[in-house]
Structures are given as C-alpha cells and as structure tokens.
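Novice: quick one: sequence plus predicted model below, questions after.
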Amino acid sequence: MIGQIGQFFSEAFAVLYGNRIRSLLTILGLIIGVAAVIAIQILGHGMSGAVGGILGSLNDKSFFLFPNARQSDVTKSFIKIRDIEAVKLAVPNILSAVPAGSVQRRISVGHAHARLALSADSDVTFAAVPLIYGRNISKDDVATSAHVAVINDNAYHRLFPAGGDPTGTSIRVAERRFVVIGVQGKPTQGIIPVSFGGDVLIPYTTYEHEYLRSRPLFAARFVVADATRMADTESAVLDYFRKSKGGRVDYQTFDRKSFATSVDGIFGVLTLIVALIGAISLLVAGIGIMNIMLVSVTERTREIGVRKAIGATNFQVLAQFFVEALLLSLIGCGIGLAIGLTAGWAVNRFALVAISGIVAPIPWLQSVAIAVGFATLVTLLFGTYPAFRASRLDPIEALRYE
Amino acid sequence: MSDSAGVIVCRDVTKTYKNGSLEVQALRGVSFTIAAGEYVAIMGPSGSGKSTMMNLLGCLDRPTSGTYLLDGIDVGTLDDNALAAIRLRKLGFVFQGFNLLARTSALKNVALPLFYAGVPGPKRLAEAERRLTEVGLGDRAEHKPNELSGGQQQRVAIARALVNDPAVLLADEPTGNLDSQTSEEIMTLFARVNAGGRTIIMVTHDLEVARNAKRIIRMKDGVIVADEATLAVY
Ligand SMILES: Nc1ncnc2c1ncn2[C@@H]1O[C@H](COP(=O)(O)OP(=O)(O)O)[C@@H](O)[C@H]1O
Ligand SMILES: [Mg+2]
C-alpha cells in the first residue's frame, strides 16, 4: 500500500511534468497567494519585534499624561507644574512626575558644540539605559535645583569626541553652565532614537526654573513604584485631573502597554487582510486547479477506461487523480513558501532590523503549516470532485471515447 | 498458471441499451458454454452484438437479464469492486486500437496491472520484462507506444493482458488495425497462449483470422445463428 502511494506520486509527477507549462500556469495563483500570505506573516512578526525594539527606551514603569486631542479647546487642558506636584502627593504608587517634552539648545564644551534636546528628569529616573560614567540625578540635585546634567550617548559623542570620563566637566547651554554628573550608555535596542527623554537630562526643578518658568506643560511623565498597578494609577491620575479641572477637561494616558495594544490592533487588521488575501487566492487558485483537473479527466477519458478494463478499482482511479491535484497544490504551495520566506526574510533583515535593531525569529513552523494547510485545503475542496468524476466514469463509454 | 479455470456459461443473456425513450436490444437471449482452454472466435455483421457480448464477458457491464457464470460466479450480482477484481485477476483484454498509455514505456504499460494488483515495484518490473521478452519485445522495454509499430504495440498489449496470469483472454478485433502479415504474427502468439491452457475469445471480421480458433460462434441481430467447431466447417 505504501509502495502504491509512492507509485501514485511518481506517476502523478510524470503526468504533471509532461504538461509542465500548463502545470506551472495552473499553480501560479497558488504560488502568489501563499508567498504573499507567508511574507506578510513574517513581516508581522518582524514588525512586532521592531516595535518592541523601538519601545525599548520606554520602560514599563512609566506612563505619559497629555490632553485628549478631541476636545474643543486643547489649551484648557494644559498642565501646570503645580498640578503634577499635587497629583504626586494625591495619588499613591507614583515615584516621580516630571514635565515631558524638551527644549532644543546649542550646547558647547570647548570647541565642540551641538544642538541638543534638554529635558527634565528626577532622582527616580525615567531612562531605561544604564550609566557608563558617573551617577544619576539625586534628591539633593532636585531640591537645590542644581545645574547638573546626565547626558546620553548621542550628546556624549558629539560633545566629547575624544572620549574619556567627562564627569565633572562643565558644558555651556547658552549663558548657563551645567556640570556633567553622568553618561548614559548606548541604547540596547534600535537605531531610531525614540528616546522619550532628551539628550541632556537635568533636574526637573532646574528645568522648570530655567526653561519652563510659569508656562503650562503639554504633557507630563510619571514613574510608578509598582508596575502591576499601572492601570489603576493611570486612572487615578486621570480622575484627579478631571476633578481638579471641574470635570470639563479631558486627558489621556499612554504607556508601553497601551502603545503595544494599539499596535496589536493594527496587526489585527493586517492579519484580517492577510486572511482575506489568503482566502481569495485560495479560491482563485483552487478553481484553476479544479478546471485543469476536469480538463485532464476529460482528455484522459480513454486512459481511464483502459485502466478500469485492466482491473483498476474506482478508488484507485480516484486516488490517481486526487494525488495529481495534491501534488500540484503541494508544489505550488512549496514554491510559494520558498518565495514568501525569502521575501519576508529579506524585508526583515534589510529593513526592519535596521530600524529596530531587533532580529525577529522567522516563524518557520507556522509558515510551513500555512503552506501545507493551504495545499491540503485546496486539494480537498477542489481536487476531490474531478477525481470523483474520473472514478465514476463508465469503463465501456470511456473506452469508446475519442 | 492461474488459480481459476476460465469456464464461461451464458444462459439467456440479454442486453438492452436505453437512451432516453430509445431502446436498443443489442442481445436478445444468448446461451452458450465455453470450457476451460477453448479458443473461440465470434463473427457476425456489424451491429450484431459482438462487442456488447465481449463487454459482458469482460465484466465491464452486467446483463439486463439472464445469467453469466464465470468459473461458477454469477457476475450479474457483483458490485463494481468485485468486477474490477475479476478483470484484474481472471481476465485479460486486447483491443483493436491497442489502448496503450501514451507517454508510458512498453515496460510500464505491461507492469500496470501488477501495480493495481499490489505487486511491489522491483518485482513488478522484473515480471513485466519477462512478459515482454515472451512476446519478443525484450529489447523494446523503454520504447514509448508511438515509437513502436502497430504489431509491436499489439504485442505489448498482449503482454499486458497476460501479466496477471488470467484464465481468459478477450480480444475484440485484435487484428482489425493490422496488415495480414502482422495479423498472422499475432495469431501465432494467440495460438501459443491458448496452448498454454488459457481460454481465448476473439471477435473478428476476418475468416482467415477466425480460422485460428477451434470454434466459431456466429451472431446476427443479437442472437447466435451458428456455433460450430472450426474443423467441421473448413
Ligand atoms: N452504449 C450503447 N448505447 C446504445 N446502443 C448501443 C450501445 N452500444 C451498442 N449499441 C447498439 O447495440 C447494437 C450492437 O452493438 P455492438 O455490440 O457494438 O455490435 P458489433 O460489435 O457487433 O458491431 C448496435 O445496434 C449498437 O448500435
Ligand atoms: Mg464491435
């Protein structure tokens, strides 16, 4: 029986190879459909990896607060620095709350200078990147509005091209001087500098005093003590602001999780589109295969008659044509798999990895499962009927067929 | 040799074709017995029911009424699978138009019934090669049908018909497409097959060909009009 299956396959291959142009044209739709589905699926994996990479700089203990854009007058919801000082006291689980956003300034050290982003930080740092030199901002620095700065990798390389430990060195920001107390290492993930902080971090009290003065903030960022109570803390903060502003204004929060969720939503839509493409290409390819198989059965009516006269059972004739359809779809899905994997891998390797720094693993198993699933489904749905028709031919009429 | 004898008994066999409201009575009550190892020619004008008779004897069809016993088995009561099994094991077919599979080598054509019988691959090809050699085509095993002459194709077809060791060889105008010399070669082969103990039933228009048989059944309008030993007539 096993030998028979092998023989069915090798005979089917000979038939398909004998008609190779026609076979190839028949499975073209299947090749394209499977390749597209698999490439997009790999892309999806790569993109979630890429998003993870970009979000690497946003640690999972922080969230942002900013005005909801869908309101008549956004300016009413601007946040004052005293609001965030107050909320810090009113809501538990908040370790720090500082103004978000940054200011661009020309900064110089000796002959080296660069335009860099300055932003606020506190003793509970927002940054996820470990220091390579010095220390973080201290409670004291905050309390005394000290003119100290922690610089990131970008600022370090532009201001100190010679390298070395720069802590203790003064940097000039316009007419002010700040002492470098710490240097952040290279961000571990991603080359897109989506650091939600600036290049130069200074105590938020100093930031407020020097750059904010009494102007309202657009957004604030928070660090919580317990990440598992993040959602509760966020809604408590929102509640506080709603009440303190008389219930008229509207804010929203944003954290790593909510970003990931909205990204997941996009992937959900993408997946749906892929499924739709898959279903359509399945249908089109399947109809193509069914058509060619019906033509083949008609062309080979006499052959079927001969086989039956020789002693082939209905089932053996059915198996012959079923295996032909199966092989056709397996080859189509196999080629589609190869193309899809190559395309998906290339986009991942040359585009997404460059953006995110994350090498997302290729979902081999899933891809092969998709291809095999496609082949099986197409064969079952569209190969069965022609094979059934062949098996039910009357041998005498089939033998008489011209 | 085969495990079955190849005894054929027909009693009042009729066959009516129905095409919509149109009915054609191709056989109107045919009875005869063919003993194991007989060599019978069926003759008669076109449309007299010879092919219909052969299809019934070949288990490709069932009689409308009457009984056909092959080695004691009532063929009329069998289902498709049982009929296929009988065609595979007990019967060999030779057609006027050879009916070899195109694009398939002589060897593989001959091996086909062994495949359906479930014989494993290597044994299948060895057996097919032996049969091809028997019909004098051992050196043409890899040739495709379109690379062979008509006579050679018919010999491949005969090798294929015999490969499962059937008790009965059925041939519907086996020389109809061949010239007289090639026909003679095929008849020589048939004589050898019959000498080996197999029953042969052959339809032919050609008296020269029919003479090779030991018995001639003549049909007309779906009935047998004469059934005689060949030697008695000629
Ligand atoms: N499938 C069929 N449907 C209808 N009529 C048929 C069919 N096969 C044969 N016949 C008719 O049955 C009669 C006998 O045909 P056939 O057995 O082929 O004769 P022969 O082989 O002796 O020439 C003819 O009248 C023929 O037209
Ligand atoms: Mg005829």
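Specialist: Structure received. Residues are numbered from 1 along each chain as shown, chains lettered A, B, ... in the order given. Ligands and ions are numbered 1, 2, ... in the order given.
Novice: rest of the way, CA atoms for contacts and neighbours
Specialist: Fine.
Novice: can you name the residues bridging to the most centrally placed residue in chain B?
Specialist: For chain B, B:Leu170 is the residue whose C-alpha lies nearest the centre (Cα atoms, centre = their mean; 1.2 Å). Beta-bridge partners recorded for B:Leu170 (DSSP bridges): B:Phe93, B:Ile201.
Novice: host element of the residue in the stretch 1-150 of chain A that ligand 1 sits nearest to?
Specialist: Closest to ligand 1 within the stretch 1-150 of chain A is A:Val15: 29.8 Å, counting by Cα to the nearest ligand atom. Following DSSP states H and E, one finds A:Val15 within helix A:2-18.
Novice: follow-up on the earlier one: which ones are touching the residue nearest to the centre of chain B?
Specialist: B:Met54, B:Gly58, B:Leu91, B:Gly92, B:Phe93, B:Val94, B:Ile200, B:Ile201, B:Met202 (Cα atoms under 8 Å, 6 or more residues apart in numbering or on different chains).
Novice: and the buried ones among the residues you listed, selectable in ChimeraX?
Specialist: Applied in ChimeraX, the following selects the buried portion of the contacts of B:Leu170 according to 16 or more other Cα atoms under 10 Å in any protein chain shown:
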select /B:54,58,91,92,93,94,200,201,202
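Novice: which single one of the contacts of B:Leu170 is nearest to ligand 1?
Specialist: Closest to ligand 1, out of all of the contacts of B:Leu170 and judged by Cα to the nearest ligand atom, is B:Met54, at 7.9 Å.
Novice: CA atoms of the helix or strand hosting the closest one as CSV?
Specialist: Taking DSSP H and E as the definition, B:Met54 sits inside helix B:50-57. Extracted in CSV, the C-alpha atoms of helix B:50-57 (Å, rounded to 0.1, in the frame of the first residue of the first chain):
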residue,chain,number,x,y,z
LYS,B,50,-20.4,-8.9,-30.7
SER,B,51,-18.8,-6.0,-28.8
THR,B,52,-21.7,-6.0,-26.4
MET,B,53,-21.1,-9.7,-25.8
MET,B,54,-17.4,-9.1,-25.2
ASN,B,55,-18.1,-6.3,-22.7
LEU,B,56,-20.3,-8.6,-20.7
LEU,B,57,-17.9,-11.5,-20.8
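Novice: now tabulate the contacts of B:Leu170 in a markdown table and tack on pLDDT.
Specialist: Shown next, in a markdown table, are these (pLDDT from 0 to 100):
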| residue | pLDDT |
| --- | --- |
| B:Met54 | 96 |
| B:Gly58 | 95 |
| B:Leu91 | 96 |
| B:Gly92 | 95 |
| B:Phe93 | 94 |
| B:Val94 | 95 |
| B:Ile200 | 97 |
| B:Ile201 | 97 |
| B:Met202 | 96 |
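Novice: that older thread, next, the buried residues of the helix holding A:Val15.
Specialist: For helix A:2-18, a neighbour-count test (16+ other Cα under 10 Å) marks A:Gln4, A:Gln7, A:Phe8, A:Phe9, A:Glu11, A:Ala12, A:Phe13, A:Val15, A:Leu16 as buried.
Novice: which other helices and strands contact it?
Specialist: In terms of contacts (3 or more Cα pairs under 8 Å, 6 or more residues apart in numbering or on different chains; DSSP states H and E), helix A:2-18 is packed against helix A:314-347.
Novice: now the helix it packs on: how far from the chain's centre is it?
Specialist: Here helix A:314-347 is found 29 Å from its chain centre; the criterion is Cα atoms, centre = their mean, to the nearest Å.
Novice: can you check stretch B:102-111 too?
Specialist: With Cα atoms, centre = their mean, you get 19 Å for stretch B:102-111.
Novice: quick one: residues in contact with that stretch.
Specialist: Contact with stretch B:102-111 is made by B:100-101, B:124-125, B:127-129, B:131-132, B:140-146, B:156-157, B:159-161, B:163, as judged by Cα under 8 Å, 6+ apart.
Novice: near ligand 1, list only the ones from these.
Specialist: Checked against ligand 1 using Cα under 6 Å from any ligand atom, those give no members in range.
Novice: which ones among those are found in helices?
Specialist: B:Arg124, B:Leu125, B:Glu127, B:Ala128, B:Glu129, B:Arg131, B:Leu132, B:Val156, B:Ala157, B:Ala159, B:Arg160, B:Ala161 (DSSP state H).
Novice: since we're on the fourth one, how many residues are nearby?
Specialist: Using other Cα atoms under 10 Å in any protein chain shown, B:Ala128 is surrounded by 29 other residues.
Novice: the residue nearest to it when sequence neighbours are not counted - how many residues pack around it?
Specialist: The shortest distance from B:Ala128 to any non-neighbouring residue, by Cα to Cα, 6 or more residues apart in numbering or on different chains, is to B:Ala111 (5.0 Å). By the criterion of other Cα under 10 Å, B:Ala111 has 27 neighbours.
Novice: A:Leu24 too?
Specialist: Around A:Leu24 there are 16 other residues, counting by other Cα under 10 Å.
Novice: tell me which other helices or strands the helix or strand where it lies touches.
Specialist: Using DSSP H and E, A:Leu24 sits in helix A:20-54. With contacts taken as 3+ Cα pairs under 8 Å, 6+ apart, helix A:20-54 sits against helix A:256-299, helix A:314-347, helix A:353-356, helix A:364-378.
Novice: redo that, cut-off 10 Å
Specialist: Counting contacts by 3 or more Cα pairs under 10 Å, 6 or more residues apart in numbering or on different chains; DSSP states H and E, helix A:20-54 is packed against helix A:2-18, helix A:256-299, helix A:314-347, helix A:353-356, helix A:364-378.
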